[in-house]
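**Student:** okay, here's the prediction I keep looking at, along with the sequence it came from:
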Amino acid sequence: MVFLYNVSCLSWFSFFQCVMHMSSYHGFSFLPMCDAHVFLAFSFLPMCDAHVFMVFHSFQCFVFISCFFFPSNVHELCIASSNCFLLSCIVIHVFTSLFFFSLFSAYDDQVDVPNRHNMKLFFDSLKHYNLKIGLWVDLTNTNRFYDQEEITRTGCKYFKLKCRGHSETPQPEQINIFIEVCSRFLENNPNEIIGVHCTHGFNRTGFLIAAFLVEQESWSVDAAVQAFAVCRPPGIYKQDYLNELFKRYGEEDETPEAPALPDWCTEFDGTEDVDDDGNVVKNGESSHSGHSAGSGNRRGRKEFFNKNAKFMDGVSGVTLVTNQPRLSQIQQKCQNMCGWKSTGFPGAQPVSMDNQNLIFLKQKPYKVSWKADGVRYMTLIDGANEVYMIDRDNSVFHIPNLEFPRRKQPDEHICNTLIDGEMIMDKVGDKYVPRYLVYDIVKFEGIDVGGTHFDRRLLCIQREIIGPRHMKMQQGLLDKSKEPFSVRAKQFWDIQTARKLLDGKFANEVSHVVDGLIFQPVAGRYMHGRNNDILKWKPASVNSVDFKLMIYKENKPGMLPETKGYLFVGGKDSPFAEMKVSREMKELNNKIIECAWDSEKHCWKFMRQRTDKSFPNSYNTAMGVFNSIMYPVIKEVLLNTIEMGRWMPPARHPPAEKRKALPISRDQELMPPPKKV
């Protein structure tokens, strides 16, 4: 919800009394944007929040009070109220009700009693600050969220300006109507507020507010867009809306890239397409009626959906799964198999080896394998032509013509099976050959193989996944040429093999990039998410962090503009670090990039863009990598620890001094004596 408030004729004492009351709760900062504007912003909540945003221009002051308004579906609101709406309880009194008046009272039976709030409470809350909403502008393309009579009976005028949203930006006539209505009202009612809302309060609302500032207040479009983003983070997050604004009011080649979706944003999980108000779209038209709960179903959990997700380069025939409900069924099945209760990718994640966890190699049994510079995928095998791969963004890809026969019934196909592995590109002669290396298994035909020790899991992979495929190939019953890539079991050895894996000879034998080692605990079961027992070792020179790059141009008085790159990690709003932006990096704003530490210059250096990832490393992961760089486990220390202090199984016999010394023959050294009959 966004409110425009003209306070040019307001009692300045009352106005600043309200402002000082707010600032006693929350800090504020001055953000100079350009010579003609000064912005004073109060931030109450980091996400799904409310902001007061005062714009001083031409001797007038407009106050934007922004908050999350309506979910796209009434049923979703009832589910989400305990998550999103309860966040508003920390907002000071005058703004609290902005989060709670969203539903028509007819839906009270779907909302917990503590979360039931109505229009009357909202309007009454503003009276405490001598604020009055005189005009209510509804931009939604539906009438089901609330009854307009609840607004008009308070004396507030209600104006409906239907904007479809979805993939359609506000039309020129809608923009003109909005500007005319708001301008006329503010001219005749300088002491009253105009409330403006769409469903989520970002795109349609932001578009029209920006258009108002440009056309009515002579702002530049980039300043208007940025101002709204400061007021209502992350601002307009649909690229087509930004494209249209800059096409209409600025230079198209200066259009900024849309920010990432807000964390609370929920993707639709029905089989039909919907507009931004949750109405089913049929042949380009939205269907909606009264206060119905809407069509389609909503997940209780949101899943990130990358509509532009791509499979590993060099592999053909693979398609992205986008159709519902199949996409959600696959995602949730994999999560359930792993015991993962949250959203997103459920696979196990290793941690960087450092001087603290190096001791694990002395405390418990481990196996070792090489760390390939590949792309991580879990694979769901769920019957013939039902093989799916899930990447770290939780995007799902259908893999055609990949067969996994049963060992005992080769004519039948494995199902209800989840394996883990990585896709690599082997260079064979002048060609690159894609191969999927299977290194772990979670479920086999519904059996919880992941609950067994690692040696048992490796045996299951070789015997039940790889073996039957090779058998059919040898019999000429499986045409490998039709498959998009080959499948192999990744080998693990006793950790004494580590030295051989690090020499150049092994790297040449595997025909792909080897950038370190993976140490896998033998005794533990498969664990979803971050697993502090799975250790990855890389030389400090190639150890890296995946950041989200945000590029900003800073303008300081009397100085030339400076472009800076800020590096963000997951779970933190402030940048983890900053770096110089080269010419090749200027196209990577808002992208995920891999960076290594330059020990000579003491700064991060760009390595490559991570097209396979939409999210940066978490703060804990980034700190773990950074600590391993600052205080590295050098190669010889690692190898000496393995060769001199690795975990050894307990002795099966009493100490040697308690046994009678007997001469040991050569045969006894090679094999144990036969058992007594």
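**Tutor:** Thanks, I have it. Residues are numbered from 1 along each chain as shown.
**Student:** for the stretch 101-250 of the chain, what spans make up the strands?
**Tutor:** 133-138, 157-160, 193-197 (DSSP state E, counting those that start in this stretch).
**Student:** mind giving me the domain ranges of the chain?
**Tutor:** 2-254, 319-537, 544-631 (automatic domain parsing).
**Student:** what's the longest helix in this structure?
**Tutor:** Ranked by residue count under DSSP state H, the longest helix found in the chain is helix 172-188.
**Student:** mean confidence for it?
**Tutor:** Helix 172-188 shows a mean pLDDT of 90.
**Student:** distance-wise, check the spatially closest residue to P170 that is not a sequence neighbour relative to T152.
**Tutor:** Among residues not flanking P170 along the chain, C163 sits closest, at 5.0 Å (C-beta to C-beta, 6 or more residues apart in numbering). The way it works is simple: take the backbone N, C-alpha and C, and place the C-beta from them, glycine included. Remark: distance between C163 and T152 (C-beta to C-beta, to the nearest Å) = 21 Å.
**Student:** flag the shaky bits of the stretch 351-500 of the chain, pLDDT-wise.
**Tutor:** For the stretch 351-500 of the chain, no stretch is flagged by pLDDT under 70.
**Student:** picking that back up, so the longest helix of the chain versus strand 133-138, what angle?
**Tutor:** 170 degrees (axes from the mean of the first three to the mean of the last three C-alpha atoms, to 10 degrees).
**Student:** summarise which helices and strands helix 172-188 is packed against.
**Tutor:** strand 133-138, strand 193-197, helix 203-217 (3 or more C-beta pairs under 8 Å, 6 or more residues apart in numbering; DSSP states H and E).
**Student:** so which helix or strand takes in the closest residue to C595 other than its chain neighbours?
**Tutor:** Closest residue to C595 apart from its sequence neighbours, by C-beta to C-beta, 6+ apart: W604 at 4.2 Å. Element membership for W604, per DSSP states H and E: strand 603-609.
**Student:** between the domains of the chain, which gets nearest to N640?
**Tutor:** domain 319-537 (10.2 Å; C-beta to C-beta).
**Student:** just the endpoints, please. Distance across the closest one?
**Tutor:** Domain 319-537 stretches 34 Å from its first residue to its last (C-alpha to C-alpha, to the nearest Å).
**Student:** quick one: it to chain centroid distance?
**Tutor:** Centroid separation between domain 319-537 and its chain, computed with C-alpha atoms, centre = their mean, to the nearest Å, is 23 Å.
**Student:** so which of the strands of the stretch 101-250 of the chain is the most packed in?
**Tutor:** Among the strands of the stretch 101-250 of the chain, the stretch with the highest mean neighbour count (mean count of other C-beta atoms under 10 Å) is strand 193-197, at a mean of 24.
**Student:** centre of the chain to that one, how far?
**Tutor:** Distance of strand 193-197 from its chain centroid, counting by C-alpha atoms, centre = their mean, is 32 Å.
**Student:** and that strand, what does it pack onto?
**Tutor:** Strand 193-197 packs on strand 2-5, strand 133-138, helix 172-188, helix 203-217, going by 3+ C-beta pairs under 8 Å, 6+ apart.
**Student:** okay, N189 and Q216: tell me how far apart.
**Tutor:** Taking C-beta to C-beta, one finds N189 at 16 Å from Q216.
**Student:** quick one on the thing from earlier: can you put the domains of the chain in TSV and add distance to N308?
**Tutor:** Output for the domains of the chain, formatted as TSV (distance: least, C-beta to C-beta, whole Å):
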stretch	distance to N308
domain 2-254	11
domain 319-537	9
domain 544-631	9
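**Student:** tell me which of these sits nearest to W647.
**Tutor:** domain 319-537 (5.4 Å).
**Student:** hang on, the earlier thing: when C163 and T152 are compared, which one has more neighbours?
**Tutor:** It is C163, of C163 and T152, that has more neighbours when counted by other C-beta atoms under 10 Å, with 26 against 12.
**Student:** about what we covered before: can you give me the buried ones in the longest helix of the chain?
**Tutor:** 174-175, 177-179, 181-182, 185-186 (16 or more other C-beta atoms under 10 Å).
**Student:** mind checking how far it is from the chain centre?
**Tutor:** 38 Å.
**Student:** show me what it is in contact with.
**Tutor:** Residues external to helix 172-188 that are found in contact with it (C-beta atoms under 8 Å, 6 or more residues apart in numbering): 4, 6, 134-135, 137, 157, 159, 161, 163, 170, 192, 194, 208, 211-212, 215-216.
**Student:** same check, this time on stretch 594-609
**Tutor:** By C-beta under 8 Å, 6+ apart, stretch 594-609 touches 540-547, 567, 577, 579-580, 582, 584-585, 588, 591-593, 610, 626, 629.
**Student:** E578 and I551, how far apart?
**Tutor:** E578 is 10 Å from I551, by C-beta to C-beta.
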